[in-house]
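>>> below is the sequence, then the predicted model.
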Amino acid sequence: MLTHSTARVLEPGDLDAALAVLDRDPVANAFVTARVNVAGLDPWRLGGEMWGWYSGGRLTSLCYAGANLVPICATPDAVRAFADRARRAGRRCSSIVGPAEQVADLWSQLERGWGPAREVRAHQPLMTTRSLPAETVPDPGVRRVRRDEMEVLMPACVAMFTEEVGISPLAGDGGLLYQARVAELVTTGRAFARIENGEVVFKAEIGAATRHTCQIQGVWVAPSHRGRGLSETGMAAVLNYALRDVAPVVSLYVNDFNAPARAAYHRVGFREVGAFMSVLF
């Protein structure tokens, strides 16, 4: 057993200890927890390494190092150790994302070597709800996307991603990984949309899902249909599916500058419980 403070790459035998750390904040850690539940800690299956920080022989903090760099329950000492390991490994991720205070600390130590970032979103409210909105009627036209509707859904997914992130998901590998992810969400029944005349006018997905919580992502309304309340009625419909079929708590995070979206989420019952930060490369 380790008896001092140190960081190392976790192995499959560390799974129970890692899950105990992840369970300390089920909502904030939903994305990583969902991946670990499916893939364990094997780097090849997980899509990256899981770094662990031990203090007094006990695993207390984690950092997922894959396509995203995600600090988890990271103390200041752990952040320093993770930053040192990240500097030595070199940047391999497309973003740093996670609880705002931890990401800000990590980025302050990596910026000199990894910067400049393409964009820093320093405050992204993390919101949750446990119930359906009493005042908003779910849109009956929002339903699960069928497998044979992938070609209808993909243009909306690409438009959402490009609008949200600032680059097209089709860059690099031609969108193969992105299309595979969308196909996975459709196949598992976690992609939802209102489709009119062969076009998506509203869409959203249930991304990360654990026994404690699930996270809604990719909320998008076609530009020609904005301002009509579709984001609220559509979200209410997705909430209905999520709370009934997936988990007792539903979460999402949103850019603080997106005032219309924040207001719409408040109107369907979401309340702010914390904040994320994203550093985009």
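Arrived safely.
>>> where along the stretch 151-281 of the chain do the helices fall?
Here the stretch 151-281 of the chain has its helices, by DSSP state H, counting those that start in this stretch, at 171-174, 176-187, 230-245, 259-267.
>>> of the ones you listed, flag the one that's most buried.
helix 230-245 (a mean of 21; mean count of other C-beta atoms under 10 Å). C-beta coordinates here come from the backbone N, C-alpha and C atoms, glycine included.
>>> OK, contacts around A74?
Counting by C-beta atoms under 8 Å, 6 or more residues apart in numbering, A74 touches W53, S61, L62, C63, F82, Q102, D105, L106.
>>> now the two most distant members of these.
L62 and D105 (14.9 Å; C-beta to C-beta).
>>> go through the contacts of A74 and name the one nearest V137.
Of the contacts of A74, the one sitting nearest to V137 (C-beta to C-beta) turns out to be Q102, at 38.9 Å.
>>> my guess is the closest one contacts P71, does it?
Yes. Using C-beta atoms under 8 Å, Q102 is in contact with P71, at 4.2 Å.
>>> so what's in contact with the two at the same time?
In contact with both Q102 and P71: V79, using C-beta under 8 Å, 6+ apart.
>>> on that earlier part again, who has more neighbours out of L62 and D105?
L62 (27 against 21; other C-beta atoms under 10 Å).
>>> that one and W51 touch, don't they?
Yes. Counting by C-beta under 8 Å, L62 touches W51, with 6.7 Å between them.
>>> who touches both of these two?
L10.
>>> W51 and D23, how far apart?
W51 sits 18 Å away from D23, going by C-beta to C-beta, to the nearest Å.
>>> quick one, which of these two is more surrounded?
Between W51 and D23, counted using other C-beta under 10 Å, the more crowded position is W51 (24 against 14).
>>> apart from its neighbours in sequence, what residue is nearest the more buried one?
Spatial nearest neighbour of W51, excluding adjacent residues (C-beta to C-beta, 6 or more residues apart in numbering): C63 at 4.4 Å.
>>> how is the one you found assigned, secondary-structure-wise?
strand (DSSP: H, G, I helix; E, B strand; the rest coil).
>>> which residues touch it?
M50, W51, W53, L69, V70, P71, I72, A74, A78, F82, R85.
>>> thought the first one was touching L59?
When you say that, I think you mean M50. No. Applying C-beta under 8 Å as the test, M50 and L59 come out as separate, 10.4 Å apart.
>>> more crowded one of the two?
Of the pair M50 and L59, M50 is the one with more neighbours under other C-beta under 10 Å, namely 28 against 19.
>>> find the nearest non-adjacent residue to that one, please.
Nearest non-adjacent residue to M50 (C-beta to C-beta, 6+ apart): L10, at 4.5 Å.
>>> how close does that neighbour get to S168?
Taking C-beta to C-beta, one finds L10 at 34 Å from S168.
>>> who's more crowded, the two?
For L10 and S168, the more surrounded residue by other C-beta under 10 Å is L10, and the numbers stand at 22 against 13.
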